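> Next comes the sequence, and after it the predicted model I'd like to discuss.
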There are 2 protein chains.
Amino acid sequence: MIRKWSFSPYIDTKAVVRKIESESALLPYFSHQDGKYTYRMNERTRVYGLGEQIRGINKRGWVYESYCADDPIHTEEKRSLYGAHNFILVDAGKDERFLAFFDYPAKIRFDIGYTDSDIIQVTPENDRLDLYLIEGGTLKEIIREFRSLIGRSYLPPFFAFGYGQSRWGYVKEEDIREAVSKHREAGIPLDTVYLDIDYMEDFQDFTVNKVRFPDLKALSAELKEQGIRLIPIIDAAVKVREGYSVYDEGKEKGYFCKDENGEEFVTAVWPGRSVLPDFLNEDASRWFGNQYQTLTDMGIEGFWNDMNEPALFYSDKGLKTAFEKIKTFEGKNLEVYDYFNARNVFPSLSNSKEDYTAFYHRTPEGVFNHNDVHNLYGFNMTRSASEALQRIRGQRFLLFSRASYIGAHRYGGVWTGDNHAWWSHILQSIRQMPSLNMCGFLYTGSDIGGFGGDCTRDLLLRWLSFAIFTPLMRNHSAVGTRRQEAYSFGDTEDFRDIITLRYRLLPYLYSEFMKAALKNDLYFSPLSFVYEDDEIAAEVEDQLMVGEALMIAPVYTQNVSGRMVYLPEEMTMVRMHKGEISIEELKQGHHYIHIPLSDVVFFIRKGFAIPLCDPADCTDKLDYATIQLIGTSDSYELYRDDGVSLKASLENVRIISNSRERS
Amino acid sequence: MIRKWSFSPYIDTKAVVRKIESESALLPYFSHQDGKYTYRMNERTRVYGLGEQIRGINKRGWVYESYCADDPIHTEEKRSLYGAHNFILVDAGKDERFLAFFDYPAKIRFDIGYTDSDIIQVTPENDRLDLYLIEGGTLKEIIREFRSLIGRSYLPPFFAFGYGQSRWGYVKEEDIREAVSKHREAGIPLDTVYLDIDYMEDFQDFTVNKVRFPDLKALSAELKEQGIRLIPIIDAAVKVREGYSVYDEGKEKGYFCKDENGEEFVTAVWPGRSVLPDFLNEDASRWFGNQYQTLTDMGIEGFWNDMNEPALFYSDKGLKTAFEKIKTFEGKNLEVYDYFNARNVFPSLSNSKEDYTAFYHRTPEGVFNHNDVHNLYGFNMTRSASEALQRIRGQRFLLFSRASYIGAHRYGGVWTGDNHAWWSHILQSIRQMPSLNMCGFLYTGSDIGGFGGDCTRDLLLRWLSFAIFTPLMRNHSAVGTRRQEAYSFGDTEDFRDIITLRYRLLPYLYSEFMKAALKNDLYFSPLSFVYEDDEIAAEVEDQLMVGEALMIAPVYTQNVSGRMVYLPEEMTMVRMHKGEISIEELKQGHHYIHIPLSDVVFFIRKGFAIPLCDPADCTDKLDYATIQLIGTSDSYELYRDDGVSLKASLENVRIISNSRERS
């Protein structure tokens, strides 16, 4: 019944897991009827997983779908975001813990106690899936097994851990220079500035607008002098324009997805009418990846891949049908439901089922309708870029993507897409981090301050106070929203102090990231993964463990000067106030902690220490010789490397201690 | 500079407040320049008010607009919901507390520390406003002054405090009977069933579909035998249809709003092409109110007024323009921004500025463009109904509205409109209650389980556990969403236990409601209004005081079995578990309280008691002789009356005690 889905990216894995090849092998967990996999939960069962999905760390009580979606409104009732991360980690108590990974590239539904509070039901559209079950051990051990199955996480360069400034709407090089100089003037550290779609010529991939960015190579070099890297966006779709070499060449070689008649499938995205590179075709994928060299030749060391669900605004065919349809309503006395239908004609063109079933991929396994492999598109775009950049640069590069699938974590990071300047989205982001980590996306973060909507000073300060712990730390916002650079709210001292703390923490954050990546471990973990017997910790979803030694408890509520924090054990509270660090020992239990907007507070586990270094305004200038340990241990396992080599290993870990550093 | 806005509903008030008649009278609070009223906050200033508006109880940190809006997506970035409640209560410490009420019926903007964290700036569109300032005393005292200015709150009948079941989609009388019988079979108390737009003939106000509801009068009588009242919806707009008497008569008398040419302004809402009764015209208002008699003659004792912002789907003129506009895009190679414009042509027809400025009202003060008095429309519809029902029935009646303005609280309640089945909307509802109470809307509640989106069992249980304390307690949902009646999730015991507790609490809830209404006091209040010197209580926005004796701390997070609760003083914790009540004394401070889905927990202040009576399945059957007091006092001031008389006074309060009851 479970047919080998030979398009799986995991066919070469050597990990020891149960790949389910027969009905009986599903037992004792799942029953399998009518194409549905069913599992009965007990009252206390917690269900982790699903990567980027919305809602809680415990996914129980909702129904989710994996069908990579360009949906910018991340409210609670949504069922799919940009990533398809088809795994659940079920914790029904020490005697029944298992992870189920449904390797399946089409739409699949996870009903986790939604229809019936006690039932998990997983429903793929057909039976072409591979199911893996991983059992036994602690939650962390199960995750490590899973991660060894799906492969090692992407390793970003050290500079990728610096603070990044981005905005859709930096339309010319002066805008970039202004962003840099205003950070520098205010003493706010900065490592990267992102180039959104505005830098391109008519939104054509791998082109640069010569009027607004007359010499990107020179600009890149000039900024690198100041420790700043430029990170351009690359969108999935390629503009239809004769004379545009990427289009011409791709068309000539047949590298774009085709419709049922063998014609290029024409959709429209930012560049207007566009075609879709067939990233599932190995030649096309390699060819597209090679295009990145146009920009790396200008000194570019990193990219973000976007619109790769793929997002489709409309298709030629859809638009034609829409104009025909809308005319049928004209001149009539529109009853109200007719009006709603009319109103929906154009909005329903975007990301439509009609379009997603209208084109095909030529893969090594044969031709597939897009809908049947939808969730692999963004994954393969990231793989295309990652493999090319490795070929081209021979060094680490910054790369993250919007759409993804399990396995994409080997090629790049992800960010959580087009969120909003909502307080609830700080909390949403907190909850997405450990779930993304579980399936290997360690290099991740959310758009700080929110992509859509208008940010406020306090929202940005609180968001930053959390985001200084996320590996990808980027302030990004949409055109038309209120400006939200860290210098946009008048006084800059609080922003400077918080972002500076990020840099002082980098020896710790980078070490913990690299150790987690190399050990298939978690960088962010829920408290319940560390304190397995603590029933209160099990329900805490607004605090996280960061690496081995830290716990954070971010403030995500407006107009408060503190919050309750639960300490599962005795801890050292570290407070940054106006750039000064102070510590206090706190007992196990609940504490009301005063945290004004200017302060950052975090906690060090008993028996652990963390390294703090002196401030610097970019990663290039960080001085590890200034490291001091704080906490209740005399030593720390520091990972350190050159920050760029592709080769990275745990051999780069050495034990440091205060006494040695001081001597 | 501040011209008397003679259309104000407050011209007859005798309250002692400062009506601002000169620039100097604004001092020391506001400066007034370029039409903006500006106030500088200190770091700890808290700003209450704005009634129904979204976000926190403390409104600081966002910008709000009053422009009654039919917007069903209540996310954090919204600036206006259905009500226009133009007051702020500023608490800058004991020495500087004041309430400012901007009596202004057009669009007005409240920037409460959004643009600049420390600045309040209030910007009306023009200077035709009356500004009142109320100073001095405690927060509660200021609110009482304000309430005595704006008039006594509407008093609903006793049955209006029962549990109500509603759903858009009960299309025939069998649906109603089924809802009733399923509640009764499960032992779930019920007092009201609501009739959404489905009961009407083609959505025509004051008509009943004869096929699906062949004899509403008989149905009403049959249900009243079981203690159930039917509560129909009335929408603001009237269908354009010759032969439909309401339309014919209103047209003949000139009672509908007219355009600049003196023709009826034709919009479209649920009934298709419709006209708008001119509720600001006294004759028209009285005439429309009289129509309710069609339904009261069938035994109906209550109504909800809806779509009265007024919501406009489209207008004749707008639709014509839209069809013309969409054609200009056809056949072109649509660049992406053209496509967005095309996509927006039809959706932007709804509630458009073009339509809101295209019609006029004939008021006693002259003719006004709708836009200049927009916020008075729903208010006057509710006044129309309320005054008519008082004339017709000579008794109390159930009435609440979606749109409102300050003063509408004298005529009916409000509900918080088209919310969603989101956990965050439990919290939003908790925060709206005290703010609505401040401006006199005591009879209020939110759609339990959420109007839009799909509800889950746990969401409904948690929402009910809060809503048993809201005067209006109604489960309502939209057509197409998952069924969410209390019997829709399999087992019904937990639902029954929670809703039964509501009925056991009714002697307390009704007493506290009536005392608050008659004393111009708060039914729901923020903790900070009671514990003025408690800096922790000041920031608690997920707990509320209910009446004088109770504090609630609802659970609004999924997958938790408890929450932290802050007790500003020693209190008695009351727990309902499987229908049984137990109590426990708790000390001042933070407590982690275990609250499984089956339990309801609340707190009684030290030195207070509350009455609890025996369960009943409808309000008609509640037996006050079964009252027992619980808490740390021997007595309680019980308000009791016949539940229907228009005349209500504090003379109906008597002191009861356990000893007396038991003797």
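Ah, there it is.
> excluding its backbone neighbours, what's nearest residue A:474?
residue A:164 (4.0 Å; C-beta to C-beta, 6 or more residues apart in numbering or on different chains). Glycine gets a C-beta too; all of them are placed from N, C-alpha and C.
> what's the burial count for the one you found?
Applying other C-beta atoms under 10 Å in any protein chain shown, we find 25 residues neighbouring residue A:164.
> where's it, which helix or strand?
strand A:163-165 (DSSP states H and E).
> Are there helices or strands packed against that strand, and which ones?
strand A:192-195, strand A:473-475, helix A:493-518 (3 or more C-beta pairs under 8 Å, 6 or more residues apart in numbering or on different chains; DSSP states H and E).
> Kindly reformat these as CSV containing mean neighbour count and mean pLDDT.
Shown next, in CSV, are these (neighbours: other C-beta atoms under 10 Å in any protein chain shown; pLDDT from 0 to 100):
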stretch, mean neighbour count, mean pLDDT
strand A:192-195, 24, 98
strand A:473-475, 24, 98
helix A:493-518, 23, 98
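> okay, those in JSON lines with distance to residue A:245 next?
Formatted as JSON lines, those follow (distance: least, C-beta to C-beta, whole Å):
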{"stretch": "strand A:192-195", "distance to residue A:245": "20"}
{"stretch": "strand A:473-475", "distance to residue A:245": "31"}
{"stretch": "helix A:493-518", "distance to residue A:245": "37"}
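> out of those, nearest to residue A:292?
Closest of the helices and strands packed on strand A:163-165 to residue A:292 is strand A:192-195, at 13.7 Å (criterion: C-beta to C-beta).
> How many residues are close by the residue nearest to residue A:301 when sequence neighbours are not counted?
Using C-beta to C-beta, 6+ apart and skipping the chain neighbours, the partner closest in space to residue A:301 is residue A:229 (5.3 Å). By other C-beta under 10 Å, the residues close to residue A:229 number 24.
> Quick check: which of the helices and strands packed on strand A:163-165 is nearest to residue A:32?
helix A:493-518 (34.5 Å).
> and the closest one, what other elements does it pack with?
For helix A:493-518, the packing partners by 3+ C-beta pairs under 8 Å, 6+ apart are strand A:163-165, helix A:457-467, strand A:571-577, strand A:609-612, strand A:635-639.
> wouldn't residue A:268 be in contact with residue A:315 here?
Yes: with contact defined as C-beta atoms under 8 Å, residue A:268 counts as touching residue A:315 (7.1 Å).
> can you list residues touching both of the two?
By C-beta atoms under 8 Å, 6 or more residues apart in numbering or on different chains, residue A:268 and residue A:315 have no common neighbours.
> circling back to that earlier point, who wins for proximity to residue A:243 among the helices and strands packed on strand A:163-165?
Nearest of the helices and strands packed on strand A:163-165 (C-beta to C-beta): strand A:192-195, 23.5 Å.
> any low-confidence regions in the stretch 501-650 of chain A?
Counting by pLDDT under 70, the stretch 501-650 of chain A shows no low-confidence range.
> Next to chain B, which bits of it? Give me the list.
For the stretch 501-650 of chain A, the residues in contact with chain B (C-beta under 8 Å from any C-beta of the partner chain) are A:536, A:539, A:541, A:557, A:558, A:559, A:560, A:561, A:562, A:564, A:590, A:592.
> at 6 Å instead, please
A:539, A:558, A:559, A:560, A:564, A:590 (C-beta under 6 Å from any C-beta of the partner chain).
> And those, which is closest to residue A:160?
Nearest member of those to residue A:160, counting by C-beta to C-beta, is residue A:558, at 30.7 Å.
> burial of the closest residue in space to the closest one that isn't next to it in sequence, as a residue count?
Of all residues not flanking residue A:558 in the chain, residue B:61 sits nearest, at 5.0 Å (C-beta to C-beta, 6+ apart). By the criterion of other C-beta under 10 Å, residue B:61 has 19 neighbours.
> Please enumerate the helices of the stretch 51-200 of chain A.
A:139-150, A:173-185 (DSSP state H, counting those that start in this stretch).
> tell me the contacts of residue A:517?
A:153, A:155, A:442 (C-beta atoms under 6 Å, 6 or more residues apart in numbering or on different chains).
> Out of those residues, which end up buried?
Using 16 or more other C-beta atoms under 10 Å in any protein chain shown as the burial test, these include A:153, A:155, A:442 as buried.
> Need the residues you listed in CSV (columns: distance to residue A:237).
Shown next, in CSV, are the buried ones among the contacts of residue A:517 (distance: C-beta to C-beta, whole Å):
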residue, distance to residue A:237
A:153, 28
A:155, 29
A:442, 28
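> Make JSON lines out of the helices of the stretch 51-200 of chain A and add distance to chain B.
Shown next, in JSON lines, are the helices of the stretch 51-200 of chain A (distance: least, C-beta to the nearest C-beta, whole Å):
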{"stretch": "helix A:139-150", "distance to chain B": "16"}
{"stretch": "helix A:173-185", "distance to chain B": "19"}
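> how about residue A:479, what does it touch?
Residue A:479 touches A:168, A:169, counting by C-beta under 6 Å, 6+ apart.
> That one should be in a helix, yeah?
No: going by DSSP: H, G, I helix; E, B strand; the rest coil, the assignment for residue A:479 is coil, not a helix.
> So which residues on the stretch 201-350 of chain A come close to chain B?
Residues of the stretch 201-350 of chain A lying near chain B by C-beta under 6 Å from any C-beta: A:270, A:272, A:313, A:323, A:326, A:330, A:335-336, A:339, A:342-343, A:346-347.
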